[in-house]
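**Q** This is the structure alone, sequence omitted:
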DNA sequence: ATTTTATAGTTTCAGATGTAACCATTTGCA
DNA sequence: TGCAAATGGTTACATCTGAAACTATAAAAT
């Protein structure tokens, strides 16, 4: 009497489940980049992200760094403490608002940045080399749509 | 004398840097799914991943679960400890090899699975709804290429 | 002006994570 | 056979992480 049967379970097919695939791909890529700088510069992935944002936008506050990196403000606070301690980021106080910090890469910070950034770009290039021109454009456009607010 | 100038720093443009975009997208998607089951079932993201794999492939060993989820074997061991403790996974010992465990979802595990899996699929559907048919096929094909070994 | 509310940032605590060391069992091979 | 190397899995440790509580300052409301 199969007409009364309990509906079969419907497990996710992880191999083709988009959130799962994105997670695997993202972790693989980020980790392989991080592997190149963590040992060499004693730099964590969160610290590098903060540095990359400060390289692009100077004089941000910690909150603005958190917004741009999409990291937790606590994580940013801790990453900054280490970066300032290591002399890689200069921190001062905002003129008109003593709560806000004003952050920028130091000389030493820029030196590290200028070594790590090309490595990161090389990884991106290697990854994109698996796609032809058209596919690269498609990917960009698709990510735009998936990430639209 | 600009011909002698030091080369300008070349910061990454994070907005368009692929590894960064993948990371943001992946975290946003996975987290929004997890938000729906963590509180309701006291289930962590790693635990859910283990359950999803065991739903699809029964009688795996812990090492096989680690392979399929791409999680660390320690993370798997701990997730399994909690799942077994909570009665969501049944663990026995392999007949011919006393080192290996044999894992499967329990009744209670299946009950939870059958609530969470449709939620996860709904999220994937909502995400893919931002793309037309052609784009969905392109994305699939592009991910295949980016994730090829 | 004074009080309330909001914001920037840090600290604390409790849980999660990865690496390395570890135990038990099995396999390979002398 | 017996012993070294490999494998499945857990434990210990040190680090990292997020939520909530906290401090200091600024903005808004009365």
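**A** Nice, thanks for sending it over. This structure is a prediction, so every number in the text was calculated from the model and none was measured. Numbering: from 1, shown residues only, chains lettered A, B, ... in the order given.

**Q** CA only for contacts and neighbour counts going forward, please
**A** Will do.

**Q** Mind pulling up the pLDDT for the closest residue to residue A:100 other than its chain neighbours?
**A** Nearest residue to residue A:100, sequence neighbours excluded (CA to CA, 6 or more residues apart in numbering or on different chains): residue A:94, at 5.4 Å. Looking at residue A:94, its pLDDT reads 93.

**Q** Residue A:1 now?
**A** pLDDT, residue A:1: 51.

**Q** returning to what we had before: okay, now the residue nearest to residue A:100: neighbour count?
**A** When neighbours are counted by other CA atoms under 10 Å in any protein chain shown, residue A:94 registers 15.

**Q** for it, what are its contacts?
**A** By CA atoms under 8 Å, 6 or more residues apart in numbering or on different chains, residue A:94 lies in contact with A:100, A:101, A:102.

**Q** and it, backbone torsions?
**A** Main-chain dihedrals, residue A:94, degrees, to the nearest 10: phi -60, psi 140.

**Q** same thing with residue A:93?
**A** Torsion angles, degrees, to the nearest 10, at residue A:93: phi -110, psi 140.

**Q** Now name the helix or strand holding the most centrally placed residue in chain A.
**A** Geometric centre of chain A, nearest residue: residue A:49, 5.6 Å, by CA atoms, centre = their mean. Using DSSP states H and E, residue A:49 sits within helix A:45-56.

**Q** repeat for residue A:103
**A** Element membership for residue A:103, per DSSP H and E: strand A:101-105.

**Q** Report whether that strand contacts chain B.
**A** No. If you take CA under 8 Å from any CA of the partner chain as the test, strand A:101-105 misses chain B, and the best it gets is 11.5 Å.

**Q** Whether the longest helix anywhere in chain A contacts DNA strand C - can you check?
**A** Ordering each helix of chain A by length in residues (DSSP state H) puts helix A:18-41 first. No. Remark: helix A:18-41 sits outside contact range of DNA strand C, by CA under 7 Å from any atom of the strand, the gap being at least 9.2 Å.

**Q** quick one: contacts of that helix?
**A** With contact meaning CA under 8 Å, 6+ apart, helix A:18-41 is reached by A:14-15, A:43-45, A:112, A:116, A:119-120, A:123, B:19-20, B:22-23, B:25-27, B:29-30, B:70, B:124, B:143, B:146-147.

**Q** Measure how buried residue A:141 is and give me the count.
**A** Under the neighbour criterion other CA under 10 Å, residue A:141 is assigned a count of 12.

**Q** if I look at it, how far off is DNA strand C?
**A** 31 Å (CA to the nearest atom of the strand, to the nearest Å).

**Q** Next: residue A:69.
**A** For residue A:69, the distance to DNA strand C - CA to the nearest atom of the strand - is 13 Å.

**Q** where are the low-confidence patches of chain A?
**A** Chain A contains residues with pLDDT under 70 at A:1-7.

**Q** Show me what from it comes close to DNA strand C.
**A** By CA under 7 Å from any atom of the strand, the residues of chain A that approach DNA strand C are A:61-64, A:73-74, A:76-78, A:80-81, A:99-102.

**Q** Now with 10 Å, please.
**A** Contact residues (CA under 10 Å from any atom of the strand) of chain A with DNA strand C: A:27, A:31, A:35, A:59-67, A:72-82, A:84, A:91-94, A:97-103.
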